[in-house]
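Colleague: please work out how this folds:
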Amino acid sequence: MKIGITGATGHLGRLVVGKLKEKTASNNLVALARDTQKAGDLGVEARLFDYNKPDTLVESLKGINHLLLISGNEIGQRQAQHENVIKAAKETGVEWIVYTSLLHADKSSLVLANEHLLTEEILKSSGVPFTILRNGWYTENYTASVPTALQMVHYLVVQERGKYHLQRELIMLKRQRLF
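Modeller: A predicted model of the protein is given here:
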């Protein structure tokens, strides 16, 4: 059985490939990525896979039994991209698609929610068995921005009445004799 992981060179994709390698032989895994060179260190077969190039997807999905469709990151393009993947998966006989959607996609007011809901509808009407993972916001989405924030602002952790302040806020408070 072959498991294909889309977005395999991204943060989540790399984590998934690593965990799956602990559970199954590497030759059962296929990293699907826009740049196969970036997948070289994953230790699994890599195939060219670009959501925006539907004419190439069928060839890349040949022999894949189960597919993890990691949501694209291009806001406004996801529905079309995901539809390209789902159609190609159906055409090649993928037996199961697991899709990373959005937590409370059916109730969320986030701009992203509609794209995820539309993808879910495409999956439901595809005829391919599927699982929808409605993931919450990943902590890594915050921690990835920490190094940049630390370069831009000097932090001084000061707790005053249960609140934390930036150094510049503390200076302003001192000038106003509020602290």
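Colleague: quick check: phi and psi at residue 98.
Modeller: For residue 98, the backbone dihedrals (degrees, to the nearest 10) come out as phi -110, psi 120.
Colleague: that one is in contact with residue 70, isn't it?
Modeller: No: Residue 98 is beyond contact range of residue 70, at 9.3 Å (criterion: C-beta atoms under 8 Å). The way it works is simple: take the backbone N, C-alpha and C, and place the C-beta from them, glycine included.
Colleague: find the nearest non-adjacent residue to residue 88, please.
Modeller: Spatial nearest neighbour of residue 88, chain neighbours left out: residue 57 (3.6 Å); criterion: C-beta to C-beta, 6 or more residues apart in numbering.
Colleague: so the one you found: helix, strand or coil?
Modeller: Here residue 57 is recorded as helix under DSSP: H, G, I helix; E, B strand; the rest coil.
Colleague: the one 3 residues further on too?
Modeller: Of the three states, residue 60 takes helix under three-state DSSP.
Colleague: what is the burial count for the nearest residue to residue 40 once chain neighbours are set aside?
Modeller: With sequence-adjacent residues excluded and distances taken as C-beta to C-beta, 6+ apart, residue 40 is closest to residue 46, at 6.9 Å. Neighbour count of residue 46, defined by other C-beta atoms under 10 Å: 23.
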